[in-house]
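K.L.:
Next come a sequence and a model predicted from it.
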Amino acid sequence: MATAQDHNAVNASMLEKGENGTRGIDHAAGAKQRKPYDYGGNPLAHISTGDSVRLPAFGGEFQPGSYKSTETRNFANPAPLGLSAFALTTFVLSLINLGTRGISGPSLVIGAAFAYGGLVQVLAGMWEMAVGNTFGATALSSYGGFWIAVGIILTPGGFEVITSLTAADGSAKAFYDSFGLFLMGWFIFTFLLLICTLRSTVAFFLLFFTLDMAFLMLGIAYLLNGSGAPNGGCLKAGGAFGILAAFLAWYNALAGIADPSNSFFLIPVAHFPWSDKGRERRQQVDNDAARADQTDMGV
């Protein structure tokens, strides 16, 4: 017959196993507890902690300011949709600018510019406005409008933008100059957005930096048209930066899609050391009280 001393010894052993992180016994359910699998030391494997639940991947939220709670939000996160629409359309046009497989005409991108990069991205921007994200609404709606405008400009015959700016002798200098100035305007706008990402994450900053460089290179390419065509070197440089921007947009979109419910790991986005999150990780600031206040106010 087991004595009280024996029972105490068993309980002490079970308690020691639980403290050491080994498998113990769930007294309530009578089932064994299992340690989380570490996925072979995968550097992208993250265990969901209270901190990661409070502060999901910044890149996916498309918000450079302080994190706002999404617990009371009735909308899904629209940012990955807008980022994906932007990424694919930019990817296609950038390949054309690079002259991939000898493709030189931009006609292939017109459908994507109207439907995916244009309409879908504008809708994503409006949904960002509905969830209270001013930055996301401004950026996604603006770039959606950009792609619709590009579709209008490049549609052959339909809107006659290019033909109306082509001289009788076939010179397209007026069109190249006009389109170059159009792109330089988008370079300025993107630079303004880039400033707002300096306190965010490396992934988010690099997205707008490479996009800004793409607009700058393409704008210069069309303005330097002395040979009767856009400058080839700058055009390819713009295409290269556009490819980088497209993949960074997809990366940030994945950061917003992947969560513990559908992925084995979260996407690292590398917070800047001077950002609120970076300072918090270096124990220079504690944002728990601010997050609690926002949650209480239903922000």
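P.N.:
Alright, I've got the coordinates.
K.L.:
so what's the closest residue to residue 91 other than its chain neighbours up against?
P.N.:
Closest residue to residue 91 apart from its sequence neighbours, by CB to CB, 6 or more residues apart in numbering: residue 246 at 3.9 Å. (Glycine included, C-beta is placed from N, CA and C.) For residue 246, the contacting residues are 86, 87, 88, 90, 91, 94, by CB atoms under 8 Å, 6 or more residues apart in numbering.
K.L.:
and those, which two are the farthest apart?
P.N.:
Spanning the widest gap among these are 86 and 94, at 11.8 Å by CB to CB.
K.L.:
ok, these two, which is more surrounded?
P.N.:
residue 86 (29 against 23; other CB atoms under 10 Å).
K.L.:
name the element the more buried one belongs to?
P.N.:
helix 79-97 (DSSP states H and E).
K.L.:
The stretch 1-150 of the chain: helices as residue ranges?
P.N.:
4-19, 50-54, 58-61, 79-97, 108-114, 121-130, 134-154 (DSSP state H, counting those that start in this stretch).
K.L.:
Going by mean pLDDT, which of those helices comes out lowest?
P.N.:
Across the helices of the stretch 1-150 of the chain, helix 50-54 has the smallest mean pLDDT, namely a mean of 38.
K.L.:
still on that earlier bit, could you check how far the residue nearest to residue 91 is from residue 173?
P.N.:
According to CB to CB, to the nearest Å, residue 246 and residue 173 sit 30 Å apart.
K.L.:
Ok, residue 250 next?
P.N.:
For residue 250 relative to residue 173 (CB to CB), the value is 36 Å.
K.L.:
the more surrounded of the two?
P.N.:
residue 250 (19 against 14).
K.L.:
how about the nearest residue to residue 233, chain neighbours excluded?
P.N.:
The shortest distance from residue 233 to any non-neighbouring residue, by CB to CB, 6+ apart, is to residue 221 (7.9 Å).
K.L.:
Surely residue 77 and residue 258 touch.
P.N.:
No - if you go by CB atoms under 8 Å, residue 77 and residue 258 don't touch, sitting 11.6 Å apart.
K.L.:
More neighbours: those two, which one.
P.N.:
residue 77 (23 against 19).
K.L.:
quick one: which helix or strand includes the residue nearest to that one when sequence neighbours are not counted?
P.N.:
Spatial nearest neighbour of residue 77, excluding adjacent residues (CB to CB, 6+ apart): residue 256 at 5.4 Å. Applying DSSP H and E as the criterion places residue 256 in helix 232-257.
K.L.:
what's the angle between that helix and helix 134-154?
P.N.:
Using axes from the mean of the first three to the mean of the last three CA atoms, to 10 degrees, the inter-axis angle of helix 232-257 relative to helix 134-154 is 140 degrees.
K.L.:
returning to what we had before: ok, of the contacts of residue 246, which one's closest to residue 129?
P.N.:
residue 86 (16.7 Å).
K.L.:
For stretch 159-173, which residues meet the burial criterion?
P.N.:
For stretch 159-173, the neighbour count (16 or more other CB atoms under 10 Å) marks 161, 162, 165, 172 as buried.
K.L.:
Now do the contacts for the third one.
P.N.:
Right, the one you point to is residue 165. With CB under 8 Å, 6+ apart, residue 165 has these contacts: 172, 174, 175, 178.
K.L.:
mind listing the helices for the stretch 151-299 of the chain?
P.N.:
Counting by DSSP H, counting those that start in this stretch, the helices of the stretch 151-299 of the chain are 161-164, 173-195, 202-223, 232-257, 276-281, 288-296.
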